[in-house]
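> Got a predicted model here, sequence first, then my questions.
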Amino acid sequence: MADAARTVTPEMEALVAAVKIIKDANPDLGAPKVHKAVKDANPTWQVGSVSLTRRKGVSEGGCE
């Protein structure tokens, strides 16, 4: 399997940092668009939209 085709599950801190960068630049984005932006910025990450909507604070850029 080629390296580009491999996926990884990011650590929560890395996911939160990525979301924070996106939300700081685009504060009006909702969870679906933030999810797409995270995937576009990190194509090897395996991140479900549930990670952004069900974990308290992630879609706001926090990790509480």
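Perfect, I can see it now.

> in which helix or strand would I find Val16?
helix 12-25 (DSSP states H and E).

> Next, the buried residues of the following helix or strand past that helix.
Using DSSP H and E, the helix or strand that follows helix 12-25 towards the C-terminus is helix 31-41. For helix 31-41, the neighbour count (16 or more other CB atoms under 10 Å) marks Ala31, Val34, His35, Ala37, Val38, Lys39 as buried. Quick note: C-beta positions are derived from backbone N, CA and C, even for glycine.

> export helix 31-41 as PDB, just CAs?
This file holds the C-alpha atoms of helix 31-41, laid out as PDB (Å, rounded to 0.1, in the frame of the first residue of the first chain):
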ATOM      1  CA  ALA A  31     -19.600  21.100  11.800                       C
ATOM      2  CA  PRO A  32     -20.100  19.600   8.300                       C
ATOM      3  CA  LYS A  33     -18.000  22.300   6.700                       C
ATOM      4  CA  VAL A  34     -15.400  22.200   9.500                       C
ATOM      5  CA  HIS A  35     -15.200  18.400   9.000                       C
ATOM      6  CA  LYS A  36     -14.600  18.800   5.200                       C
ATOM      7  CA  ALA A  37     -12.000  21.500   5.900                       C
ATOM      8  CA  VAL A  38     -10.100  19.200   8.400                       C
ATOM      9  CA  LYS A  39     -10.200  16.400   5.900                       C
ATOM     10  CA  ASP A  40      -9.000  18.600   3.000                       C
ATOM     11  CA  ALA A  41      -6.100  20.000   5.200                       C
END
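
> What is it packed up against?
helix 12-25, helix 49-53 (3 or more CB pairs under 8 Å, 6 or more residues apart in numbering; DSSP states H and E).

> need the contact list for the residue nearest the centre of the chain.
Taking CA atoms, centre = their mean, the centroid of the chain lies closest to Val38, which sits 4.2 Å from it. The contact partners of Val38, by CB atoms under 8 Å, 6 or more residues apart in numbering, come to Leu15, Ala18, Val19, Ile22, Trp45, Val47, Leu52.

> Can you lay out those as JSON lines showing pLDDT, neighbour count and distance to Thr7?
Converted to JSON lines, the contacts of Val38 look like this (pLDDT from 0 to 100; neighbours: other CB atoms under 10 Å; distance: CB to CB, whole Å):
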{"residue": "Leu15", "pLDDT": "91", "neighbour count": "20", "distance to Thr7": "14"}
{"residue": "Ala18", "pLDDT": "93", "neighbour count": "21", "distance to Thr7": "15"}
{"residue": "Val19", "pLDDT": "92", "neighbour count": "26", "distance to Thr7": "18"}
{"residue": "Ile22", "pLDDT": "94", "neighbour count": "20", "distance to Thr7": "19"}
{"residue": "Trp45", "pLDDT": "95", "neighbour count": "16", "distance to Thr7": "7"}
{"residue": "Val47", "pLDDT": "89", "neighbour count": "19", "distance to Thr7": "9"}
{"residue": "Leu52", "pLDDT": "68", "neighbour count": "18", "distance to Thr7": "17"}
